[in-house]
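J.: below is the structure, and that's it, no one-letter string:
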């Protein structure tokens with residue numbers, strides 16, 4: 001059979017002694033390997049199975065070189081492309097292409113002779129990196145001394161051939177192989193299992209079998225066919241819905257960085273389609289496919305079977321009291337990183353229901369950190385990643401969940417409904433990568449202590465927020481929600497958004513804002529109207545737009561995608577107002593800074609703030625944008641209460657629109673908490689239900705400003721804040737009641753200042769709209 005061989009594998013070598021380790025499934029493949037060995041390594045034994053390898057290694061000289069070789073068959077639709085080494089498959093494989101792949105990718109034996117004879121360009125003999133027997137023994141003794149040397153060398157040969165094959169077919173198909181076998185054979189893993197056996201009283205062999213099963217549940221078994229099939233089968237979930245826009249400048253550094261370190265992508269989680277969109281972006285920019293860790297709620301057919309073979313690790317939502325599963329997951333993550341596979345997971349742990357970034361989950365990050373601390377993995381580069389969408393089909397369901405409705409279970413029927421909802425174009429999906437940073441360096445900077453991991457997680461979230469652009473949809477909904485229920489003309493929306501655009505420009509924040517200074521506003525409004533988020537009334541002298549009745553939570557979801565860009569400005573406005581109301585005798589600048597820190601603490605479960613030193617610099621810069629001479633202006637207001645306040649001179653205010661819904665939600669929780677018997681511990685689930693009732697009542701009474709404040713998500717964050725202050729545990733005496741009352745009064749004070757700023761903002765808005 002005439003075949004093409006890899007050039008690196010075609011030069012005969014006779015010294016030192018050689019053992020050829022071949023991987024062949026069929027008689028034609030065995031013949032190909034035997035012919036190759038005869039030409040390149042005459043007299044060398046050819047070992048095609050583990051027992052033959054054991055015999056060859058038993059009496060071999062330590063200088064013997066083990067040369068792994070395998071036969072790779074290229075599919076007909078890809079042979080021309082893969083022959084040049086680029087490994088660049090078509091951008092969007094068609095179903096017909098996949099049918100062609102299913103057989104020829106691993107052709108049966110009775111086809112192989114004919115294929116090799118008629119299409120020799122489709123057959124490759126690929127040689128993995130050789131290693132000496134002495135080096136293999138050393139690695140075996142260090143990594144898997146309880147396993148036989150032959151078994152270890154056989155696995156090493158398979159993996160070496162995998163790496164060599166990637167050079168031929170491209171990094172799009174970077175796939176981990178024999179993961180379970182490698183981990184189970186690891187000396188370290190077996191030692192951990194023995195420790196666990198001592199802790200649990202279970203037998204070692206029983207635990208080993210259990211661990212093998214858990215690892216089998218986790219490990220992906222990837223193949224190029226499955227990857228292409230996965231892309232094709234799930235393409236209807238995203239390809240028609242959005243045009244994808246990527247900030248290429250943030251991609252370029254990643255390719256270079258990936259040459260020296262594995263990357264861990266940590267994206268925002270807005271949509272079920274996030275992993276699909278991100279995978280296509282990485283593919284288009286010639287980055288390897290990630291191993292994606294996600295929840296097993298998505299492991300139903302066909303996503304589960306295809307995803308498991310396409311780089312998706314389906315993780316249990318909770319591991320409960322299963323220490324073997326936790327150990328298996330921890331070791332699996334360490335193994336992937338040690339082998340330099342890129343990872344991806346969603347640090348929020350679930351999709352955002354409010355549109356802003358949720359608080360991070362620490363589980364997977366702690367496993368990754370443990371791998372670095374134990375020396376099992378090299379340093380990794382964390383990549384904060386932002387995905388935002390002009391409009392999303394699934395926002396309606398998430399808004400309903402905020403109002404207390406249950407979440408629909410994922411399944412085949414759910415998938416069909418989701419695909420139907422993604423048929424029409426919803427605008428643009430924007431992908432942007434934040435500044436990557438070393439996990440090891442971040443851990444060193446965080447120092448020791450309980451907050452170490454949390455500091456790293458907050459650095460990730462801060463990086464995501466900084467990378468997240470202020471989209472046209474976010475800014476237009478920001479304007480509509482701030483109109484106090486009034487409908488606005490196109491010119492009024494433009495006038496209202498211009499100060500926001502100018503402020504973002506001064507901050508240097510990302511965003512496709514050029515269109516909003518032209519025709520982009522009208523296109524964005526049309527998209528919001530077609531998505532039933534906004535109403536357009538054209539029965540008067542000119543069209544006007546407003547948030548559609550009952551759609552405030554949906555509008556707030558889009559607004560919240562950019563709200564983090566305005567939080568510091570909102571804090572400055574509140575701090576300046578507080579300082580200007582201070583009685584003479586205290587330095588108002590000190591008062592302003594104390595107020596800023598107090599607000600930072602009050603909002604720490606809603607937004608992500610940098611360390612205090614950088615926070616101080618950012619707050620000072622924001623205050624200077626309000627007025628360079630703000631210190632003197634505040635002192636003048638304290639000395640002469642009749643003088644106009646600094647904030648009455650500013651061009652625009654954002655605090656009421658940015659913070660009111662969050663503070664109103666905190667106020668509802670604090671009010672309800674203050675009414676409870678302090679001797680009774682709080683049951684979170686029933687307490688949130690009661691808050692929904694109280695919040696709805698207050699909304700109807702006009703005591704809270706907007707419907708989006710009536711939210712299970714926001715009430716949950718407010719409870720986290722109360723818990724952080726020790727207000728949820730049962731307490732005896734008056735101390736518990738006094739703490740809860742003080743908490744309510746603190747929030748009420750901030751709320752009153754927001755109401756005062758809203759009155760000033762109304763006057764500024766009237767001037768702008770006039």
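T.: Great, that's in hand. Quantities reported herein were computed from a predicted structural model and do not represent experimental measurements.
J.: quick one, domains of this protein?
T.: Here the domain assignment for the chain is 4-169, 222-467, 472-561, 565-650, 656-769, based on automatic domain parsing.
J.: let me have the ones you listed in JSON lines, extended by mean pLDDT, mean neighbour count and distance to residue 210.
T.: (Each C-beta comes from the backbone N, C-alpha and C, glycine too.) As requested, these are exported to JSON lines (pLDDT from 0 to 100; neighbours: other Cβ atoms under 10 Å; distance: least, Cβ to Cβ, whole Å):
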{"stretch": "domain 4-169", "mean pLDDT": "77", "mean neighbour count": "17", "distance to residue 210": "17"}
{"stretch": "domain 222-467", "mean pLDDT": "91", "mean neighbour count": "19", "distance to residue 210": "5"}
{"stretch": "domain 472-561", "mean pLDDT": "90", "mean neighbour count": "19", "distance to residue 210": "43"}
{"stretch": "domain 565-650", "mean pLDDT": "85", "mean neighbour count": "18", "distance to residue 210": "38"}
{"stretch": "domain 656-769", "mean pLDDT": "90", "mean neighbour count": "18", "distance to residue 210": "33"}
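J.: let's have the ones you listed in JSON lines, adding distance to residue 178.
T.: As requested, these are exported to JSON lines (distance: least, Cβ to Cβ, whole Å):
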{"stretch": "domain 4-169", "distance to residue 178": "5"}
{"stretch": "domain 222-467", "distance to residue 178": "11"}
{"stretch": "domain 472-561", "distance to residue 178": "42"}
{"stretch": "domain 565-650", "distance to residue 178": "40"}
{"stretch": "domain 656-769", "distance to residue 178": "43"}
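J.: indicate which one of those is closest to residue 179.
T.: Taking Cβ to Cβ, domain 222-467 is the member of the domains of the chain nearest to residue 179, at 6.2 Å.
J.: returning to what we had before: who wins for proximity to residue 196 among the domains of the chain?
T.: Checked against Cβ to Cβ, the stretch from the domains of the chain lying closest is domain 222-467, at 6.0 Å.
J.: right, and the domains of the chain - which one's nearest residue 191?
T.: For the domains of the chain, distance to residue 191 was read as Cβ to Cβ. The smallest value, 9.6 Å, belongs to domain 4-169.
J.: now the helices: where do they sit in the stretch 301-450 of the chain?
T.: In the stretch 301-450 of the chain, the segments counted as helices under DSSP state H, counting those that start in this stretch are 303-308, 323-338, 363-373, 395-402, 412-421, 439-446.
J.: would you say residue 614 is within a helix?
T.: Yes. According to DSSP: H, G, I helix; E, B strand; the rest coil, residue 614 belongs to a helix.
J.: quick one on the thing from earlier: the domains of the chain: which one's closest to residue 188?
T.: Shortest distance between residue 188 and these, using Cβ to Cβ, is found for domain 222-467: 7.2 Å.
J.: hang on, the earlier thing: could I get the helices of the stretch 301-450 of the chain as JSON lines with distance to residue 126?
T.: Written out in JSON lines, the entries for the helices of the stretch 301-450 of the chain read as follows (distance: least, Cβ to Cβ, whole Å):
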{"stretch": "helix 303-308", "distance to residue 126": "26"}
{"stretch": "helix 323-338", "distance to residue 126": "23"}
{"stretch": "helix 363-373", "distance to residue 126": "30"}
{"stretch": "helix 395-402", "distance to residue 126": "48"}
{"stretch": "helix 412-421", "distance to residue 126": "38"}
{"stretch": "helix 439-446", "distance to residue 126": "34"}
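J.: quick one: closest of the ones you listed to residue 748.
T.: Closest of those to residue 748 is helix 395-402, at 23.5 Å (criterion: Cβ to Cβ).
J.: what lies in contact with the closest one?
T.: Applying Cβ atoms under 8 Å, 6 or more residues apart in numbering, the set of residues contacting helix 395-402 from outside is 351-354, 407-408, 553-554, 557-558, 708, 710-714.
J.: for residue 364, state which of those is nearest.
T.: For residue 364, the closest of those turns out to be residue 351, at 16.6 Å, with distances computed as Cβ to Cβ.
J.: averaged over its residues, what pLDDT does the strand or helix carrying residue 181 have?
T.: Taking DSSP states H and E as the definition, residue 181 sits inside helix 179-185. Confidence over helix 179-185, taken as the mean pLDDT, stands at 87.
J.: packing partners of whichever helix or strand comes after it?
T.: Per DSSP H and E, the first helix or strand lying C-terminal to helix 179-185 is helix 187-200. Helices and strands in packing contact with helix 187-200 are listed as helix 204-218, helix 323-338; criterion 3 or more Cβ pairs under 8 Å, 6 or more residues apart in numbering; DSSP states H and E.
J.: packing partners for the lengthiest helix in the chain?
T.: For the chain, the helix reaching the highest residue count under DSSP state H is reported as helix 735-769. Secondary-structure packing of helix 735-769 (3+ Cβ pairs under 8 Å, 6+ apart): helix 490-507, helix 567-580, helix 588-602, helix 655-675.
J.: adding distance to residue 756, write those out as CSV.
T.: Rendered in CSV, the data for the helices and strands packed on helix 735-769 read as follows (distance: least, Cβ to Cβ, whole Å):
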stretch, distance to residue 756
helix 490-507, 20
helix 567-580, 7
helix 588-602, 14
helix 655-675, 9
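J.: nearest approach to residue 230 belongs to which of the helices of the stretch 301-450 of the chain?
T.: Nearest to residue 230, of all the helices of the stretch 301-450 of the chain, is helix 303-308, at 4.4 Å by Cβ to Cβ.
J.: who's in contact with that closest one?
T.: Contacts of helix 303-308 (Cβ under 8 Å, 6+ apart): 220-221, 226, 229-230, 233-234, 298-299, 314, 415.
J.: sorry, back to before: centre of the chain to the helix holding residue 181, how far?
T.: 27 Å (Cα atoms, centre = their mean, to the nearest Å).
J.: stretch 147-155 now?
T.: 37 Å.
J.: again with stretch 61-79
T.: A distance of 36 Å separates the C-alpha centroid of stretch 61-79 from that of its chain, computed with Cα atoms, centre = their mean.
J.: ok so, going back, out of the helices of the stretch 301-450 of the chain, which is closest to residue 257?
T.: helix 439-446 (12.8 Å).
J.: report the angle between the axes of that closest one and helix 323-338?
T.: For the pair helix 439-446 and helix 323-338, the angle between their directions (axes from the mean of the first three to the mean of the last three Cα atoms, to 10 degrees) equals 110 degrees.
J.: next, the angle helix 363-373 makes with helix 439-446.
T.: 100 degrees.
J.: tell me what helix 439-446 is packed against?
T.: Short answer (3+ Cβ pairs under 8 Å, 6+ apart): helix 439-446 packs on helix 363-373, strand 381-389, helix 452-467.
J.: could you rerun that using 6 Å?
T.: Counting by 3 or more Cβ pairs under 6 Å, 6 or more residues apart in numbering; DSSP states H and E, the packing neighbours recorded for helix 439-446 are helix 452-467.
J.: pull the distance from the helix it packs on to the chain's centre.
T.: Counting by Cα atoms, centre = their mean, helix 452-467 is centred 12 Å from the centre of its parent chain.
J.: can you list contacts of that helix?
T.: 266, 268, 347, 357, 360, 362, 365-366, 384, 386, 432, 434, 442, 446, 564, 608, 610 (Cβ atoms under 6 Å, 6 or more residues apart in numbering).
J.: and for stretch 536-546?
T.: For stretch 536-546, the external contacting residues (Cβ under 6 Å, 6+ apart) are 487-489, 525, 529, 534-535.
J.: which among those residues gets closest to residue 107?
T.: Closest approach to residue 107 among the contacts of stretch 536-546 (Cβ to Cβ): residue 529, at 54.6 Å.
J.: can you tell me how far the closest residue to residue 223 other than its chain neighbours is from residue 214?
T.: Spatial nearest neighbour of residue 223, chain neighbours left out: residue 309 (5.7 Å); criterion: Cβ to Cβ, 6 or more residues apart in numbering. Using Cβ to Cβ, to the nearest Å, one gets 19 Å for the distance from residue 309 to residue 214.
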